[in-house]
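Trainee: build me a model:
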Amino acid sequence: MLLGVACGDALGRPVEFQSASAITAEHGRLDEMKGHGTWNQPAGTITDDTEQALCIARSLVECGTFDPADIADRFVAWYDTGPFDIGGMTRRSLRRLKRGDAWDEAGQRVWEQSREGQNAGNGSVMRCAPLAVPYATDWNRLVEGSRKSSQITHADPRCTYGCAVLNVTVAGLLDDAATPLRDALDCVGSDAPDDVVAALDPIARGASPGTLETTGYVVHSLQTALHDGLTADSAEEAIVTAVNRGGDTDTIGAITGAVAGARFGASQLPDRWLSVIDETEELTELSNGLVAVS
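Mentor: You can find the predicted model right below:
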């Protein structure tokens with residue numbers, strides 16, 4: 001699952017914000033981590049998606065439990081390194097944290113000050129999957145931790161419950177559940193916003209929506225990533241399909257990668273991807289640490 005996040009993120013990075021037709025025109029069907037792209041970084045470079053997931057994973061392993069204040073501190077320390085890619089709500093929330101807001105205040109205030117259309121981005125759901133490992137069999141704690149991890153920067157219920165649905169789905173996949181998304185919706189559906197449930201319920205029923213959007217809106221990202229991650233015949237197919245849709249390719253790729261990695265296992269991720277991602281070894285070590293936390 002952790003390696004899947006990095007693979008989807010790194011594959012999508014060079015073509016972020018390009019349309020599907022532009023990707024096809026330039027690359028054919030993109031399935032390699034090629035050269036320099038949108039961010040002028042080498043092939044295999046991860047972005048804020050994996051970097052923030054690493055912050056959460058390191059915190060869980062080093063603290064031995066979920067500590068949102070520690071995660072918030074790690075986000076701020078990461079922000080101070082000057083990352084080349086960071087979302088708007090995340091940036092504003094981390095600036096508030098630096099000025100002294102508590103971990104559960106900064107994101108809330110940024111959300112309250114953001115208008116509809118700019119208040120429910122995918123910046124927390126892209127990073128939340130490490131929580132699914134230590135709390136894979138304790139869904140109440142997993143839902144609570146997932147929502148709180150989102151609240152640090154993204155307090156909109158579509159984001160907080162989106163993280164919960166994704167993580168319970170991933171936990172089900174790690175446990176070989178037959179209907180992981182259906183189980184996740186049953187777990188949180190009565191509390192989750194209608195927009196989230198309406199977008200994901202058809203996928204849980206095995207249907208394919210007529211249109212899969214690739215914007216940074218959390219509901220669009222979840223719908224597309226869960227569709228591709230749960231219906232593809234391999235981890236590679238899932239990630240390649242998601243990235244080649246265009247749009248917010250690194251984030252939708254990362255979310256799809258979490259689902260596909262949990263579903264198919266690390267052995268099914270292409271070596272040609274893993275070999276050029278510098279963080280592969282640390283992610284593997286962290287995965288063992290996360291299991292130990294559980």
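Trainee: run through who's touching the helix or strand of the chain with the lowest mean pLDDT.
Mentor: Lowest on mean pLDDT, DSSP states H and E among the helices and strands of the chain sits helix 20-27, with a mean of 88. Helix 20-27 is touched from outside by Val15, Gln18, Leu30, Lys34, Thr214, Val243, Asn244, Arg245, Gly246, Gly247, Thr249, with contacts defined as C-beta atoms under 8 Å, 6 or more residues apart in numbering. Backbone N, C-alpha and C define where each C-beta goes, glycine included.
Trainee: got the buried residues for that helix?
Mentor: Ile23, His27 (16 or more other C-beta atoms under 10 Å).
Trainee: extract the CA atoms of that helix and return them as CSV.
Mentor: In CSV, the C-alpha atoms belonging to helix 20-27 read as follows (Å, rounded to 0.1, in the frame of the first residue of the first chain):
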residue,chain,number,x,y,z
ALA,A,20,-5.8,13.0,-21.1
SER,A,21,-5.5,13.9,-24.8
ALA,A,22,-2.3,15.9,-24.1
ILE,A,23,-0.8,13.0,-22.2
THR,A,24,-1.7,10.6,-25.1
ALA,A,25,-0.2,13.0,-27.7
GLU,A,26,3.1,13.4,-25.8
HIS,A,27,3.6,9.9,-24.3
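Trainee: roughly how far out does that helix sit from the chain middle?
Mentor: For helix 20-27, the separation from the chain centroid amounts to 24 Å (computed by C-alpha atoms, centre = their mean, to the nearest Å).
Trainee: let me know the next secondary structure element after that helix.
Mentor: Remark: after helix 20-27, the chain's next helix or strand is helix 48-63, criterion DSSP states H and E.
Trainee: tell me the contacts of the closest residue to Pro157 other than its chain neighbours?
Mentor: Excluding the flanking residues, the one nearest Pro157 by C-beta to C-beta, 6 or more residues apart in numbering is Pro193, at 5.0 Å. With contact set as C-beta under 8 Å, 6+ apart, Pro193 has these partners: Pro157, Arg158, Tyr161.
Trainee: ok, now Gln113?
Mentor: Gln113 touches nothing, counting by C-beta under 8 Å, 6+ apart.
Trainee: ok, back up a step: list just the nearest of the contacts of Pro193 to Ser59.
Mentor: Nearest to Ser59 among the contacts of Pro193 is Tyr161, at 21.8 Å by C-beta to C-beta.
Trainee: what values do phi and psi take at that closest one?
Mentor: phi -80, psi -30 (degrees, to the nearest 10).
Trainee: with Gln113 instead?
Mentor: The phi/psi pair for Gln113 (degrees, to the nearest 10) is phi -100, psi 0.
Trainee: likewise the one 3 residues further on?
Mentor: Torsion angles at Glu116 (phi, psi; degrees, to the nearest 10) stand at phi -60, psi 140.
Trainee: give me the number of residues near it?
Mentor: Close neighbours of Glu116, defined as other C-beta atoms under 10 Å, add up to 7.
Trainee: read off the pLDDT value for it.
Mentor: pLDDT recorded at Glu116 is 95.
Trainee: roughly how far apart are it and Tyr217?
Mentor: 11 Å (C-beta to C-beta, to the nearest Å).
Trainee: same check on Glu144?
Mentor: In terms of C-beta to C-beta, Glu144 sits 24 Å off from Tyr217.
Trainee: neighbour count winner among those two?
Mentor: Neighbours were counted for Glu144 and for Tyr217 using other C-beta under 10 Å; Tyr217 has more, 20 against 15.
Trainee: return the residues in contact with the nearest residue to that one once chain neighbours are set aside.
Mentor: Spatial nearest neighbour of Tyr217, chain neighbours left out: Ala120 (6.2 Å); criterion: C-beta to C-beta, 6+ apart. When contacts are counted by C-beta under 8 Å, 6+ apart, Ala120 touches His154, Asp156, Arg158, Cys159, Tyr217, Val218, Val219.
Trainee: sweet, I'm off.
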